[in-house]
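**Q** The sequence and its predicted three-dimensional model are supplied below.
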Amino acid sequence: MAGLALAGCAAVARPPPLLAAAPPPPLPPPAAPREVIVRVPTPVRSACVPRNLPPPPKYPDTPAALRAAGGAADRYQLIAAGRILRAKRLALLERVIEGCR
């Protein structure tokens, strides 16, 4: 029986021995990196404050004018007039600023 076992092993086909594989072909040289130039347009600066914006008015309620006023009623009138002028100037500046946004 031992002979059959040995004979059976001899009858099994063995795979052919592996041959050394040929090295793969060399890779092509890498392509040179492309240089891409992107031109970004620069914004043109434009003034949002109009050139015809008048200078601030001469306010009547200066410290010197308030000291020179005759009494409390005169000082009050100077302060009231200055407040009106400042309110008008502020309204004008608010419109200009709103145009800039």
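**A** Received it, and whenever you're ready, just let me know what you need. Residues are numbered from 1 along each chain as shown.
**Q** The host helix or strand of L93 packs against which elements?
**A** Using DSSP states H and E, L93 falls within helix 72-100. Helices and strands touching helix 72-100, by 3 or more CB pairs under 8 Å, 6 or more residues apart in numbering; DSSP states H and E, are helix 63-68. For every residue, glycine as well, the C-beta is placed using N, CA and C.
**Q** name the helices or strands packed onto the helix it packs on?
**A** helix 72-100.
**Q** ok, and for the helix it packs on, which residues are buried?
**A** For helix 72-100, the neighbour count (16 or more other CB atoms under 10 Å) marks R75, L78, I79, G82, L85 as buried.
**Q** In this model R67 seems to touch the second one, though I could be wrong.
**A** No. Because the distance of 10.6 Å does not satisfy CB atoms under 8 Å, L78 is recorded as not touching R67.
**Q** can I get the buried residues of helix 72-100 in a markdown table with pLDDT and distance to P50?
**A** Formatted as a markdown table, the buried residues of helix 72-100 follow (pLDDT from 0 to 100; distance: CB to CB, whole Å):
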| residue | pLDDT | distance to P50 |
| --- | --- | --- |
| R75 | 96 | 35 |
| L78 | 96 | 30 |
| I79 | 96 | 30 |
| G82 | 97 | 25 |
| L85 | 97 | 20 |
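**Q** and which of those is nearest I97?
**A** Using CB to CB, L85 is the member of those that lies nearest I97, at 18.5 Å.
**Q** Now do the nearest residue to that closest one once chain neighbours are set aside, the pLDDT please.
**A** Nearest non-adjacent residue to L85, counting by CB to CB, 6 or more residues apart in numbering: P57, 5.1 Å away. pLDDT for P57: 94.
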